[in-house]
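# How does the following fold in three dimensions:
(one chain, ligands or ions: 1)
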Amino acid sequence: MDVKKLSLEDRAKMCNGVGRWYTQAVEGLDSIMVADGPHGLRKENRDEEKGTIERVKATCFPSAAGLACSWNEELIGEVGKTLAKETKAEQVSVLLGPGVNMKRSPLCGRNFEYFSEDPYLAGKLATSYVNGVQGEGVGTSLKHFAVNSQETRRFTIDEVVSERALREIYLPAFEMVVKESQPKTIMASYNKINGVHACENKWLLTDLLRKEWGFKGLVTSDWNAVTDIAKALEAGCDITMPTTKGEFPKRIVQMVKEGTLDEKYVNESAQRVADLAEWGLANIDKNATYDRDEDHAVAANIARECMVLLKNEGMLPLKKGESVAIIGGFARNPRFQGGGSSHVTTTKVDDIFENFEQIGGGELVYAQGYPEESDLADDALIAEAVAAAKKCGKAIVFAGLPDSYETESRDRRHMRMPEAHCKLIEEVAKACPDTTVVLSAGSPVEMPWIGSVNAILHAYLGGQALGKAIAEIVYGDINPSGKLAETHPVKLEDNPTFGFYPGDLERSIHSEDIYIGYRWYEKKKIPVNFPFGFGLSYTKYEYESISLDKKEMTDEDTLTVTVKVKNVGKRDGKEVVELYTAAPENAVELRPVKELKGFKKVFIRAGESAEVSFTLSKRSFAYWDVTEHTWRVPTGKYRVYAGSSSVDVPLVAEVNIEEKNPPCHPITLETTYGKLTKNSSYKDVVEDVVGAFAPQEAIGILTSEEGKADPVFSTYQNHTPRRALYTGRTYEYIEDVIEKVNKKLGF
Ligand code: BGC
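A predicted model of the protein is given here:
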């Protein structure tokens, strides 16, 4: 449909939602429905007249924090496909997810909805998700664009973040999904970024998203995020959700008539709404259905790969038929999803205890362990649990974070579990050394009891079929293969945002810059409970070899890396092979110790080896140069690491990379010798500069008293411009040298 044929009033209406979930219908074009959410359809049938809301049942899959622990792109594609099937059966055209915000602080109330602290991992998994959903003819909404790092004051907070941290940390996951799978829509977030609301941010929504990344879809506001509709339209935010009951459309018409809003913005946005609606309507299938039991089984299959075995001193897997104490209210009333707009009304929920009975079979003694409604320890419940543990000789404690701890619209204030859960674990473990803790939480928690238990399985928020998956892992039917998609620090104070998060009344300053997650803990050598990428298995893998297809390359070439891994244990298993790159040690720019740039999950039979190949390219080695506003790979020797976690990388190889077209600018009085030698575009003029000054001044090596080159002075000299005062030359002389050199450079 060409919207220009519609009246201005109709076009203005199309730029605003109808009710909470619909687009505006116009003559010749019906409306479409959108619905939350990332890990299960949350469709509401609202009867505005009667004021009733019916919540449609759907399958609840593990939330993104758990999904990410699978490190399995194919599996996430399957989640997407299944979600799309249910969404289609409910005649919904766009599913509002996935969320790819970075986990800046473990306290963010929506961390359970986000994949990772690493942009590469989040971007890859979200790409599979979007492809999975959209391949079935249902749209997605990549959210929350961008830097929605906290829930506290989310409508007004100004996320003050450097250009480099934006490019290297907060934007790449969005960029990857846009470039690799063109989500039908993107949701602009509530917060401001460096002073400008995301929904009103022309740089973000038009210059970057559409012009630089080539986004072709529609931008929607987050719900009630827009205050200034003119600014939003001018920035490229096409539709404001939900309805404003006619207010925004009225203002749009008025502003166009008064000449304060250019009609072209209304036309462009209305056209994008029309294009999306046409696509959605063409994909509506009135006969689409799905089978609830089948999807519950899919959810169980997915949950199996999303759980991470963090510790195992031999207690797991349990033998079937053993007598075990099953302790903790979560065993009967599980915690499997987070609160807020992603909350799914489930088709059913596994009772963990029943699954233990079915799969394990032995005598199981249940004890509640902690009160349902209070965080305070209850001595009587603990005593009952301790008695059960003693009787059975083995105990599994189900603990973690209750619902109230993790929900949209507020952040946690601390990283602790309820006192009732911690005390229970401590007392049970004291009485029964064979104690395993199964955690349910959407984010890391402090574990003061970590040393006293035998095993820890992190089930994250495992979705409605978590019970079966947990029982299968505990009893060894399934070999655990999940790995952490975020670091689990020892304590909150170790996190780089401590003391800055969630900011003051107006601003949240990202003083840690690019150093979030493992980038921080590695750089600062801070011990953590469990590192990024970590996860145990019931088998063992040995990293045998790494090879590169070349030793020398330019930043325009690609590099093939082949890694060989052997399963040296007794069980078949799935291993996630992780690939990290590191910049040259003498890099001028500050770089993380290493960064994830590849991963693959492979099934390896006991005793067999697998070969895994990766292709690395410029972005695998690049950093964002804020003076040039571009990605750069300065010439030097780069390292490629392979291993089983961010701290366990036994294989390393090196490659020399030459920067093919380094930025070249005229030399000025500010140009330093260091800059000339670090950038190969100046290679033909370095000698001229050296020749123009006394070699010692130019090369910048001062000798120490013993007559040796002194690296401190040498560095100092490298970064000192050749000014008159410093070189003992006249300005005329220096300017003459600069002019000649610039001519030679072609300026
Ligand atoms: C949330 C979005 C969600 C929307 C619609 C907002 O409050 O931030 O993630 O999609 O509501 O429910």
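# CA atoms for contacts and neighbours, from now on please.
OK.
# quick one: low-confidence parts of this protein?
588, 694-718, 720, 722-727 (pLDDT under 70).
# Which positions in it make contact with the ligand?
36, 96, 222, 223, 341 (C-alpha under 6 Å from any ligand atom).
# Please report the distance of the first one from residue 343.
Per C-alpha to C-alpha, to the nearest Å, residue 36 is found 9 Å from residue 343.
# Could you check which helix or strand contains residue 125?
Assigned by DSSP states H and E, residue 125 belongs to helix 119-134.
# In three-state terms, label the most centrally placed residue in the chain for me.
Nearest to the mean C-alpha position of the chain, by C-alpha atoms, centre = their mean, lies residue 116 at 3.3 Å. Three-state assignment for residue 116 (DSSP: H, G, I helix; E, B strand; the rest coil): coil.
# List the backbone torsions phi and psi for it.
phi -160, psi 170 (degrees, to the nearest 10).
# What is the subsequent helix or strand relative to the lengthiest helix in the chain?
Counting residues, the longest helix in the chain under DSSP state H turns out to be helix 263-282. Using DSSP H and E, the helix or strand that follows helix 263-282 in sequence is helix 292-305.
# hey, where'd the strands end up in the stretch 151-300 of the chain?
158-160, 185-188, 192-193, 196-197, 218-221 (DSSP state E, counting those that start in this stretch).
# mind checking how far the residue of the stretch 251-400 of the chain found nearest the ligand is from residue 54?
Closest contact between the stretch 251-400 of the chain and the ligand, by C-alpha to the nearest ligand atom, is at residue 341 (4.7 Å). Separation of residue 341 from residue 54 (C-alpha to C-alpha): 15 Å.
# the more surrounded of those two?
Shown here are residue 341 and residue 54; by other C-alpha atoms under 10 Å, residue 341 has more neighbours (15 against 10).
# what about the more buried one, is that helix, strand or coil?
coil.
# what's it in contact with, if anything?
36, 37, 42, 408 (C-alpha atoms under 8 Å, 6 or more residues apart in numbering).
# mind checking the backbone torsions on the residue of the stretch 101-250 of the chain found nearest the ligand?
Evaluated by C-alpha to the nearest ligand atom, the stretch 101-250 of the chain has residue 223 as its residue closest to the ligand, separated by 4.9 Å. With angles defined as degrees, to the nearest 10, residue 223 sits at phi -70, psi 120.
# again, but for the one 3 residues further on
Backbone torsions for residue 226, taken as degrees, to the nearest 10, come to phi -90, psi 130.
# about what we covered before: can you say which two of the contacts of residue 341 are spatially most distant?
By the measure C-alpha to C-alpha, 42 and 408 form the most distant pair in these, at 14.7 Å.
# So the two - more neighbours on which side?
residue 42 (26 against 21).
# For that one, list each beta-bridge partner.
Beta-bridge pairing of residue 42 under DSSP bridges involves residue 36.
# residues in contact with the closest residue to residue 193 other than its chain neighbours?
Once flanking residues are discounted, residue 193 sits nearest to residue 159: 4.9 Å by C-alpha to C-alpha, 6 or more residues apart in numbering. Residues in contact with residue 159 (C-alpha under 8 Å, 6+ apart) are 147, 148, 191, 192, 193, 194, 195, 507, 508, 509, 510.
# Can you give me the distance of the nearest residue to the last one once chain neighbours are set aside to residue 547?
Taking C-alpha to C-alpha, 6+ apart as the measure, residue 510 lies nearest to residue 161, with 5.2 Å between them; neighbours along the chain are not counted. For residue 161, the distance to residue 547 under the criterion C-alpha to C-alpha works out to 38 Å.
# What of residue 70?
On the measure of C-alpha to C-alpha, residue 70 and residue 547 end up 26 Å apart.
# Which residues are in contact with the residue lying closest to residue 84 once chain neighbours are set aside?
Closest residue to residue 84 apart from its sequence neighbours, by C-alpha to C-alpha, 6+ apart: residue 133 at 5.0 Å. By C-alpha under 8 Å, 6+ apart, residue 133 lies in contact with 77, 80, 81, 82, 83, 84, 139, 140.
# For the fourth one, give me phi and psi.
Dihedral angles phi and psi of residue 82 (degrees, to the nearest 10) take the values phi -70, psi -40.
# Can you name the helix or strand that residue 336 falls in?
Per DSSP H and E, there is no helix or strand for residue 336.
# What is the neighbour count of it?
26.
# from now on call the first residue 7
Got it, first residue is 7 now, which makes that one residue 342.
# Name the nearest residue to it, ignoring sequence neighbours.
Nearest one to residue 342, counting by C-alpha to C-alpha, 6+ apart, is residue 467 at 4.3 Å.
# got the residue ranges for the helices in the stretch 607-753 of the chain?
624-627, 679-684, 692-698, 701, 717-724, 730-733, 737-751 (DSSP state H, counting those that start in this stretch).
# so what does the longest one touch, helix or strand wise?
Counting contacts by 3 or more C-alpha pairs under 8 Å, 6 or more residues apart in numbering; DSSP states H and E, helix 737-751 packs against helix 692-698.
# Buried residues of the helix it packs on, list them for me.
Within helix 692-698, the residues scored as buried using 16 or more other C-alpha atoms under 10 Å are 692, 695, 696, 698.
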